[in-house]
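1. Just a sequence and a predicted model for now, questions to come.
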Amino acid sequence: MEEMEIIDSKIDKIFDSRGNPAIEATIFLNYASGTCSAPAGASTGKTEVIAYPDNNIQNSVDFFEKHVRNALNGFNALNQAGFDELLHDLDGTDNFSAMGGNLATALSIANAKAVSKYLELPLYRYVGGLHPEVPRPMGNIIGGGKHSKNGTTIQEFLVSSQGKTFYDSVYYNILVHRRVGEKLSLKLNGQSVGLGDEKAWTADVSDEEAIDILKSAVSEISSENKVKILMGVDFAADSFYEDEKYHYKNSTKTQDEQIDYAVSLNKEYGFYFIEDPLYDNDFKGFSEITRKIGKDALIVGDDLYTTNSKRIQKGIDMKSTNAVLIKVNQIGTLSDTVDSVKLATKNGMETVVSHRSGETTDDFIAHLAVAFNSKFIKTGTIGGERLAKLNEVIRLEEDLI
């Protein structure tokens with residue numbers, strides 16, 4: 001096959017869903033182009049790549065113009081691994097602290113999009129080969145932690161409806177979201193109930209109250225529509241871990257108590273999806289939770305792994321989790337992400353492709369979730385930048401039928 005030479009590239013500053021600057025990259029080939037905008041997280045793992053040098057997007061813009069743009073010209077875009085390795089070489093650090101991981105992410109995905117357009121293939125087919133599968137939507141319903149002010153300590157209360165189609169599942173998730181909003185308004189005597197960064201409800205309630213409200217809404221929507229609905233939480237426990245203890249709004253838990261609490265969410269309350277229940281280096285503690293409830297629940301590492309294959313390998317060796325969250329801009333390139341997904345899948349771990357709290361309307365994670373045969377795609381339940389991903393999976397499901 002003839003080389004697909006890059007003839008030019010450019011980047012632009014746009015805005016994400018929080019109104020913060022975001023970076024968008026475009027790769028130009030002779031007969032096609034690809035554009036990608038990178039999201040940004042508020043709840044970030046300590047071992048993620050650096051989003052922008054010195055937390056300043058302009059530093060990434062300047063680095064691109066000075067060191068990257070000319071270096072990409074003439075490169076064979078079909079060589080995705082080589083393209084991503086070139087980004088590493090141009091950056092010269094082990095965490096994209098010179099270029100910025102969000103610039104690397106946008107360029108890497110834009111290159112894959114350009115090639116897939118040139119080949120007249122959907123991105124998921126180019127990335128994932130011949131046997132893609134549609135995931136289930138995992139939607140954020142009640143939010144707290146770093147995504148909200150004065151909300152719950154636990155960062156996310158989630159649901160995943162198991163409808164006949166992806167469209168149905170998204171719809172039932174939306175119904176749960178609406179019902180929870182109604183219940184929160186009643187509980188708070190008609191006070192205004194807000195929406196957090198990911199369009200989940202945010203309210204001054206305790207974690208226990210949030211659990212009860214979510215369970216009640218799920219039970220009602222499930223019964224009314226005769227559909228199974230899974231419940232989940234993302235503790236984002238690192239955000240309230242200090243001095244070897246977990247500090248909730250109304251209580252403090254030791255490590256053993258936190259492990260028992262995570263286990264009880266599954267055994268006593270029926271939660272299936274348990275993400276980041278412990279701080280981000282407690283591989284041993286995670287393995288204890290997985291040993292106790294891993295047969296009945298999905299124990300998911302996000303900050304624990306940060307889409308890093310070396311950390312995932314440690315988790316495999318220690319049997320820390322049975323699932324890993326996947327976010328491209330945690331590691332910086334599509335190739336590094338694919339390596340992490342292959343490692344996890346080969347070792348029997350489920351993958352969950354996830355959005356970030358500061359999102360753009362780019363839908364590339366929809367394609368990656370399908371390409372990777374991920375169990376879930378984790379997004380918000382409503383909101384334009386969240387629905388951009390969900391609506392794209394709906395289209396892809398129609399393509400795959």
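-> Now that the structure is in, tell me what you want to look at. Residues are numbered from 1 along each chain as shown.

2. can you list the domains in this structure?
-> Following automatic domain parsing, one gets these domains for the chain: 8-121, 128-400.

3. With mean pLDDT as extra columns, can I get those in JSON lines?
-> JSON lines is the format used below for the domains of the chain (pLDDT from 0 to 100):
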{"stretch": "domain 8-121", "mean pLDDT": "96"}
{"stretch": "domain 128-400", "mean pLDDT": "95"}
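
4. possible to save the ones you listed as TSV with mean neighbour count?
-> In short, each C-beta sits where N, CA and C put it, glycine included. Compiled in TSV, the domains of the chain are given as follows (neighbours: other Cβ atoms under 10 Å):
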stretch	mean neighbour count
domain 8-121	19
domain 128-400	21
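
5. Correct me if wrong, but Lys10 is in a strand.
-> Yes. Residue state for Lys10 (DSSP: H, G, I helix; E, B strand; the rest coil) corresponds to a strand.

6. for the closest residue to it other than its chain neighbours, helix, strand, or coil?
-> If you skip the residues right next to it in sequence, Lys10 has Thr26 as its closest partner in space, 5.2 Å away by Cβ to Cβ, 6 or more residues apart in numbering. Remark: Thr26 carries the secondary structure label strand [criterion: three-state DSSP].

7. any idea how far Phe166 is from Thr26?
-> With distances defined as Cβ to Cβ, to the nearest Å, the gap from Thr26 to Phe166 amounts to 29 Å.

8. so where do the strands sit in the stretch 1-150 of the chain?
-> For the stretch 1-150 of the chain, the strands defined by DSSP state E, counting those that start in this stretch cover 8-15, 21-28, 33-37, 136-143.

9. Would you reformat the ones you listed as a markdown table and include distance to Val233?
-> As requested, those are arranged in a markdown table below (distance: least, Cβ to Cβ, whole Å):
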| stretch | distance to Val233 |
| --- | --- |
| strand 8-15 | 30 |
| strand 21-28 | 28 |
| strand 33-37 | 29 |
| strand 136-143 | 10 |
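
10. Contacts made by stretch 44-57 with the rest, please.
-> Applying Cβ atoms under 8 Å, 6 or more residues apart in numbering, the contact partners of stretch 44-57 are 13, 21-23, 40-41, 59-60, 63, 95-104, 238, 280, 302-306, 308, 311, 329-332.

11. can you rerun that using 7 Å?
-> With Cβ atoms under 7 Å, 6 or more residues apart in numbering as the test, stretch 44-57 has contacts from 13, 21, 23, 40, 59-60, 63, 95-98, 100-102, 280, 302-303, 306, 308, 311, 329-332.

12. In helices, which of these appear?
-> By the criterion of DSSP state H, membership of these in helices covers 59-60, 63, 101-102, 311, 329-331.

13. Now do stretch 36-49: distance from first to last residue.
-> By Cα to Cα, to the nearest Å, the extent of stretch 36-49 from end to end equals 18 Å.

14. Also stretch 228-238?
-> Terminal residues of stretch 228-238 lie 31 Å apart, using Cα to Cα.

15. what distance separates that stretch from the centre of its chain?
-> Remark: stretch 228-238 is offset 13 Å from the chain centroid, using Cα atoms, centre = their mean, to the nearest Å.

16. any idea which residue sits dead centre in this protein?
-> To find the centre residue of the chain, average its C-alpha atoms and take the closest one (Cα atoms, centre = their mean): that gives Ser354, at 1.8 Å.

17. who touches the residue lying closest to that residue once chain neighbours are set aside in this structure?
-> For Ser354, the nearest residue in space outside its immediate sequence neighbours is Lys378; the separation is 4.1 Å by Cβ to Cβ, 6+ apart. With contact taken as Cβ under 7 Å, 6+ apart, Lys378 is in contact with 138, 352, 354-355.

18. hang on, Lys378 in a helix?
-> No. Applying three-state DSSP, one finds Lys378 to be strand, outside a helix.

19. burial measure for Arg125, as a count.
-> Under the neighbour criterion other Cβ atoms under 10 Å, Arg125 is assigned a count of 19.

20. In the protein, which helix is the longest?
-> As far as residue count goes, and with DSSP H defining each element, the longest helix of the chain is helix 166-187.

21. Mind giving me the packing neighbours of whatever helix or strand comes next after it?
-> Of the helices and strands lying after helix 166-187 in sequence (DSSP states H and E), the nearest is strand 194-195. With contacts defined as 3 or more Cβ pairs under 7 Å, 6 or more residues apart in numbering; DSSP states H and E, the secondary structure elements packing on strand 194-195 are strand 201-202.

22. Mind checking what helix or strand follows the strand it packs on in sequence?
-> helix 207-225.

23. which element follows that following helix toward the C-terminus?
-> Reading on from helix 207-225 to the C-terminus, the next helix or strand found by DSSP H and E is strand 229-234.

24. Direction included, what does that next one pair against?
-> Paired neighbours of strand 229-234 in the sheet (DSSP bridges): strand 156-161 (antiparallel), strand 273-275 (parallel).

25. distance of Val341 from Gln191?
-> With the distance defined as Cβ to Cβ, Val341 ends up 43 Å from Gln191.

26. same deal with Arg386?
-> As judged by Cβ to Cβ, Arg386 and Gln191 stand 25 Å apart.

27. Check Tyr172 too.
-> Tyr172 sits at a distance of 27 Å from Gln191 (criterion: Cβ to Cβ).

28. likewise Lys319?
-> According to Cβ to Cβ, Lys319 and Gln191 sit 45 Å apart.

29. for Glu398, same thing?
-> Using Cβ to Cβ, we find Glu398 at a distance of 41 Å from Gln191.

30. Before I go, just wanted to say thanks for your time.
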